[in-house]
Structures are given as C-alpha cells and as structure tokens.
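J.: sequence and predicted structure are below.
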Amino acid sequence: DVKVTQSSRYLVKRTGEKVFLECVQDMDHENMFWYRQDPGLGLRLIYFSYDVKMKEKGDIPEGYSVSREKKERFSLILESASTNQTSMYLCASTEGRNTEAFFGQGTRLTVV
Amino acid sequence: GNSVTQMEGPVTLSEEAFLTINCTYTATGYPSLFWYVQYPGEGLQLLLKATKADDKGSNKGFEATYRKETTSFHLEKGSVQVSDSAVYFCALKARGTSGSRLTFGEGTQLTVNP
C-alpha cells in the first residue's frame, strides 16, 4: 500500500517562529502537494512539486515556501508563523500518469 | 479558472436513508472527476472517480455519474450506515494540468444516526 507520512499530527508554535512540516511518501511518486484545509473552504493548494528541486505555486502560496531535495520528501516551511496560518495541513502524492492522490493523515498546526 | 461547488452542509440522516450530495463544476475542456472521503482524524482517501462523460464511478455502495450537459457529479447511496459518517469532497483534474493537480470543493459533513 502507498503510504504518505506526515511527521507530526499536532503542532503548537508561537507567532514569528519558523515552522517545518515534513512529508514522506514510499511509492516513488513524481508529484507531491501541500494543501491546507479550513472549515467551509475545503482544500486549498499551497505548493506542489512534480520533480526533485522543482516547485510551483498553488492558489495560496503567500507566507509559505517548500523544499524537495529528495524524491520521497516534500517539506512545507512557514517562514514566520502567524495566527492566520492556524489550520490543518495535508500532504498528498500522485504517480505521473495516475491521477489518484494519496494523502497523509494531516498535521493540525496551531499558532499562538 | 477551474472550480467545484458542493451542496451546503452539514447533512444529517438516519441509518438506511437515501443520500445525495450535489456537486457541480466549472472547467475548461473535459476534466476527470472524483469523490474523496475523510473519516474522523484521517487524511482523504479516494472513494470513486469518472474520467469521461456518462461514466459512472462506484465503490462501497456509493455511485456518481459524470454529466457533461449539467456539469455535475452528484454522489448517491441508497442506504447509508453509521460508518459512512465522514466529510465528502468532490474534486476535478483538468486535462493537461501539470503535476496532476486537483481542485476541491468545500466538503460536505455527513452524520448518520442509528
């Protein structure tokens, strides 16, 4: 089975901190994604990557950056956390020609 | 741009009731359409999909038919169970979208009472 693993289920960080969210997939998928999930807004795409060291902005990239140094790992970085970044963050991956997305269990981030 | 609109929730049903969750979309060309489900405390998982007009996706008693003329992909189940309580997301992938990018609807919370 495909497994997408996010490093933390719950995180509490202070305003202004630099925050790293890590995601690892074990099926050699080309594409990886970071979404945030908020009530009434569904899932919104922050960034995605279709190859190592390649990245593209999604719909809401402001305040975020990403890193993909290895194919299996995709990191989301909050440069200076703010309270409006309190949310559920979901990582996903897909294989190049297969459009089914596999999701991690999510990281609930609270910024205080 | 591409967008997905789901019926407003939450939806509360009794066990064995009929379920419909409406989904309509806007996209250029002919997208692939999906329903994902999120059980409490978990990430999303694919429930069913359809890749061309008039296709019917089905899984676990759920069905949805790709209707190009109405740009819709409504989710139905004839008899819901308590275990179906979850959040349901409609999504699309437009043709030629780089990296298999998905666009999601707002999600519909379903609660099934015994």
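T.: Received, thanks.
J.: which one is B:Glu16 nearest to, not counting chain neighbours?
T.: On the basis of C-beta to C-beta, 6 or more residues apart in numbering or on different chains, the spatially nearest residue to B:Glu16 that is not a chain neighbour turns out to be B:Ser79, at 4.7 Å. In this view, the C-beta of every residue, glycine as well, is placed from N, C-alpha and C.
J.: now do the SS call for the one you found.
T.: For B:Ser79, the reduced secondary structure class is coil; criterion used: DSSP: H, G, I helix; E, B strand; the rest coil.
J.: could I get the pLDDT score of it?
T.: B:Ser79 is assigned a predicted lDDT (pLDDT) of 96.
J.: for chain A, give me the ranges with low pLDDT.
T.: Applying pLDDT under 70 to the predicted model, the residue ranges of chain A that meet it are A:1-2, A:96-99.
J.: for chain B, what's the nearest residue on it?
T.: Proximity of chain A to chain B (C-beta to the nearest C-beta) peaks at A:Phe103, 3.5 Å away.
J.: host element of the most centrally placed residue in chain A?
T.: Centrality entry for chain A: nearest residue to the mean C-alpha point is A:Trp34, 2.9 Å, by C-alpha atoms, centre = their mean. Here A:Trp34 sits within strand A:31-38, counting by DSSP states H and E.
J.: quick check: bridge partners of the residue of chain A closest to chain B?
T.: According to DSSP bridges, A:Ala92 are recorded as the beta-bridge partners of A:Phe103.
J.: show me what contacts it?
T.: Each residue near A:Phe103 by C-beta atoms under 8 Å, 6 or more residues apart in numbering or on different chains is listed here: A:4, A:90-92, B:43-45.
J.: and what of A:Asp59?
T.: Contacts here follow C-beta under 8 Å, 6+ apart; on that basis A:Asp59 touches A:44-46.
J.: mind doing that once more with 10 Å?
T.: Neighbour list for A:Asp59: A:35-36, A:43-47, B:1, B:101, B:103 [criterion: C-beta atoms under 10 Å, 6 or more residues apart in numbering or on different chains].
J.: assign it to helix, strand or coil.
T.: In terms of secondary structure, A:Asp59 is coil; the call rests on three-state DSSP.
J.: what residues does chain B put near chain A?
T.: Within chain B, the positions adjacent to chain A are B:1, B:4, B:6, B:8-9, B:32, B:34, B:36, B:38, B:41-46, B:49, B:51, B:87, B:89-91, B:93, B:97-109 by C-beta under 10 Å from any C-beta of the partner chain.
J.: if we use 7 Å, what do you get?
T.: Taking C-beta under 7 Å from any C-beta of the partner chain as the measure of proximity, chain B contacts chain A at B:32, B:42-46, B:89, B:93, B:98-102, B:104-107.
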